[in-house]
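J.: Sequence and computational prediction follow.
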Amino acid sequence: MTELAAVKAALKTQAVETPSWAYGNSGTRFKVFAQPGVPRNPREKLDDAAKVHEFTGAAPTVALHIPWDRTDDYAALAKHAEERGLRLGAINSNTFQDDDYRLGSVCHPDPAVRRKAVDHLLECVDIMDATGSRDLKLWFADGTNYPGQDDLRERQDRLAEALAQVYERLGDDQRMLLEYKFFEPAFYATDVPDWGTAYAHCLKLGPKARVVVDTGHHAPGTNIEFIVATLLREDKLGAFDFNSRFYADDDLMVGAADPFQLFRIMYEVIRGGGFTPDVAFMLDQCHNIEAKIPAIIRSVMNVQEATAKALLVDRAALAEAQRGGDVLAANAVLMDAYNTDVRPLLAEVRAELGLDPDPVAAYRRSGWAERIAAERVGGTQAGWGA
Ligand code: LRH
Ligand code: MN
Ligand code: MN
């Protein structure tokens with residue numbers, strides 16, 4: 001196989017999981033701008049996700065968030081997905097939207113609240129059994145606002161105890177993905193603030209526990225690709241939550257704020273042997289003002305573009321320049337790949353797969369946006385404040 005053929009073959013295998021919550025209305029703390037035609041229930045979210053997959057050929061799974069996607073029959077929801085050529089992906093837990101969680105969930109000082117939180121996580125594993133999902137994605141809003149508010153060490157003990165109970169419940173083919181975030185909603189101390197804390201817990205739990213890197217969850221200037229390289233070396237990278245940020249956890253379209261960073265991340269994924277189903281590429285975005293479905297299509301394409309550039313890095317030339325200590329040549333090899341316009345290559349890949357080379361244009365022509373705007377009245381808010 002020529003090198004270009006190998007790059008194309010790799011691109012054809014890439015799958016990007018889309019989040020159910022990105023299809024519904026969402027907003028900032030100040031305002032939710034309702035859009036015409038947004039889904040009114042989880043089934044309609046899947047109908048929209050099917051359009052993203054139809055036009056990109058690269059978004060076969062959809063992540064659910066419980067309770068935002070609560071239904072009384074998860075097997076039926078999985079069937080609804082299957083009938084549209086989709087599968088249900090990661091089950092995201094939610095222990096942050098209940099009055100009981102004011103002082104935390106699994107780290108709460110009161111054992112009764114911790115029990116309630118763990119029960120929710122166990123319920124999420126039951127849902128995984130019904131949907132056939134492999135991954136349980138855990139993000140905890142737990143933390144404290146003031147020094148002295150609670151015992152930092154004890155909170156880690158409580159967290160470890162809760163995670164161990166959930167880990168025990170996992171089936172042989174199921175995984176637990178632990179997500180970290182350095183701030184928000186707690187402002188003094190967050191209980192899982194960084195990859196090191198997440199890694200330490202996952203290491204203790206065992207091989208079914210892995211770390212999630214949400215690209216919006218770091219302090220400005222953090223070298224995320226270094227974290228990716230490190231987690232891959234330790235075989236502890238489970239997934240990405242892709243989005244982009246200018247200031248905080250902005251949840252904008254991936255690749256919009258810093259496409260160069262996304263390229264550097266994808267290069268480390270490929271370099272570190274992470275371009276396999278063991279590392280899930282998920283989107284975690286909350287679109288505020290732009291139309292949902294084309295924004296998600298755009299995001300999938302942005303991931304594909306960063307991946308294509310990363311696959312094009314001449315690794316032999318790079319290694320030679322690095323070994324020779326040739327700083328400029330090494331940097332030039334990387335930049336050559338980054339500066340390549342890969343859009344024609346991806347258009348070719350799509351044509352070879354029988355897809356329209358321009359997924360956004362094809363979606364616009366399809367009439368789906370007009371159809372859902374006419375048919376769906378009273379779409380729900382998804383995501384924050386749901
Ligand atoms: C937290 C987070 C986490 C949640 C999602 C809605 O900021 O990234 O992944 O589940 O947002
Ligand atoms: Mn996330
Ligand atoms: Mn987030």
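T.: Yes, it's here. Numbering: from 1, shown residues only. Ligands and ions are numbered 1, 2, ... in the order given.

J.: closest point of this protein to ligand 1, which residue?
T.: W139 (3.8 Å; Cβ to the nearest ligand atom). C-beta coordinates here come from the backbone N, C-alpha and C atoms, glycine included.

J.: Number of residues surrounding that residue?
T.: 21 (other Cβ atoms under 10 Å).

J.: Do you know the pLDDT at the residue nearest the centre of the chain?
T.: Closest residue to the average C-alpha location of the chain: D241 at 2.4 Å, with Cα atoms, centre = their mean. Per-residue pLDDT puts D241 at 98.

J.: Give me the three-state assignment for it.
T.: On the three-state scheme (DSSP: H, G, I helix; E, B strand; the rest coil), D241 is labelled strand.

J.: That one bridge partners, please.
T.: Beta-bridge pairing for D241 (DSSP bridges): D214, M282.

J.: Check the contact between it and L283; I expect there is one.
T.: Yes: applying Cβ atoms under 8 Å as the test, D241 and L283 come out as touching, 7.4 Å apart.

J.: Quick check: which element contains the nearest residue to P19 once chain neighbours are set aside?
T.: If the residues on either side of it in the chain are set aside, P19 comes closest to A63, at 4.8 Å by Cβ to Cβ, 6 or more residues apart in numbering. Assigned by DSSP states H and E, A63 falls within strand 61-65.

J.: swap in E44?
T.: Take DSSP H and E as the rule and E44 turns out to sit in helix 42-56.

J.: average pLDDT across that helix?
T.: 98.

J.: For the chain, which segments count as helices?
T.: Secondary structure of the chain (DSSP state H): helices at 3-13, 42-56, 74-83, 111-131, 152-169, 195-205, 224-233, 259-271, 292-311, 315-323, 327-338, 343-352, 359-366, 368-375.

J.: out of those helices, nearest to ligand 2?
T.: For the helices of the chain, distance to ligand 2 was read as Cβ to the ion. The smallest value, 12.3 Å, belongs to helix 195-205.

J.: can you list the weak-confidence ranges in the stretch 151-300 of the chain?
T.: The stretch 151-300 of the chain contains no residues with pLDDT under 70.

J.: Spell out which residues of it are next to ligand 2.
T.: Within the stretch 151-300 of the chain, the residues that sit near ligand 2 (Cβ under 5 Å from the ion) are 214, 241, 284.

J.: quick check, nearest of those residues to E375?
T.: Proximity of those to E375 (Cβ to Cβ) peaks at D284, which lies at 27.8 Å.

J.: got a list of what the closest residue in space to the closest one that isn't next to it in sequence touches?
T.: Nearest non-adjacent residue to D284, counting by Cβ to Cβ, 6+ apart: D241, 3.5 Å away. D241 makes contact with 179, 212-217, 282-284 under the criterion Cβ atoms under 8 Å, 6 or more residues apart in numbering.

J.: among the residues you listed, who's most crowded?
T.: Neighbour counts for the contacts of D241, by other Cβ under 10 Å, peak at D284, which reaches 30 neighbours.

J.: so what's that one up against?
T.: Contact analysis of D284 by Cβ under 8 Å, 6+ apart lists 19, 22, 214, 216, 241-243, 251.

J.: Go again with 6 Å.
T.: D284 makes contact with 19, 214, 241, 243 under the criterion Cβ atoms under 6 Å, 6 or more residues apart in numbering.

J.: Please apply the same query to M266.
T.: Contact partners of M266, counting by Cβ under 6 Å, 6+ apart, are 306-307, 310.

J.: can you redo the contacts of D241 as a markdown table with distance to A59?
T.: Converted to a markdown table, the contacts of D241 look like this (distance: Cβ to Cβ, whole Å):
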| residue | distance to A59 |
| --- | --- |
| E179 | 21 |
| V212 | 18 |
| V213 | 19 |
| D214 | 18 |
| T215 | 18 |
| G216 | 20 |
| H217 | 22 |
| M282 | 10 |
| L283 | 9 |
| D284 | 14 |
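
J.: For ligand 1, tell me which of the residues you listed show up nearby.
T.: Subset of the contacts of D241 in contact with ligand 1: 179, 214, 284, counting by Cβ under 6 Å from any ligand atom.

J.: and these as TSV, adding distance to H201?
T.: Shown next, in TSV, are these (distance: Cβ to Cβ, whole Å):
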residue	distance to H201
E179	11
D214	16
D284	20
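
J.: got the buried residues for stretch 236-250?
T.: For stretch 236-250, the buried set under the neighbour-count rule, 16 or more other Cβ atoms under 10 Å, comprises 236-245, 249-250.

J.: Revised request: answer the last question for stretch 344-355.
T.: 345-346, 349-350, 355.

J.: Turn these into JSON lines, columns for distance to C124 and pLDDT.
T.: Output for these, formatted as JSON lines (distance: Cβ to Cβ, whole Å; pLDDT from 0 to 100):
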{"residue": "L345", "distance to C124": "39", "pLDDT": "98"}
{"residue": "L346", "distance to C124": "35", "pLDDT": "98"}
{"residue": "V349", "distance to C124": "35", "pLDDT": "98"}
{"residue": "R350", "distance to C124": "35", "pLDDT": "98"}
{"residue": "L355", "distance to C124": "34", "pLDDT": "98"}
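
J.: show me which of these neighbour ligand 1.
T.: Near ligand 1, by the rule Cβ under 6 Å from any ligand atom, you find none of the buried residues of stretch 344-355.

J.: neighbour-wise, which of the contacts of M266 leads?
T.: Counting neighbours by other Cβ under 10 Å, T307 leads these with 27 neighbours.

J.: pretty sure A280 is in contact with L237, am I right?
T.: No: contact criterion Cβ atoms under 6 Å: A280 and L237 do not qualify, at 9.7 Å.

J.: Next one, pLDDT for the residue of the chain most remote from its centre please.
T.: Most distant residue from the mean C-alpha position of the chain: G324, 37.7 Å away (Cα atoms, centre = their mean). At G324, the model reports a pLDDT of 98.
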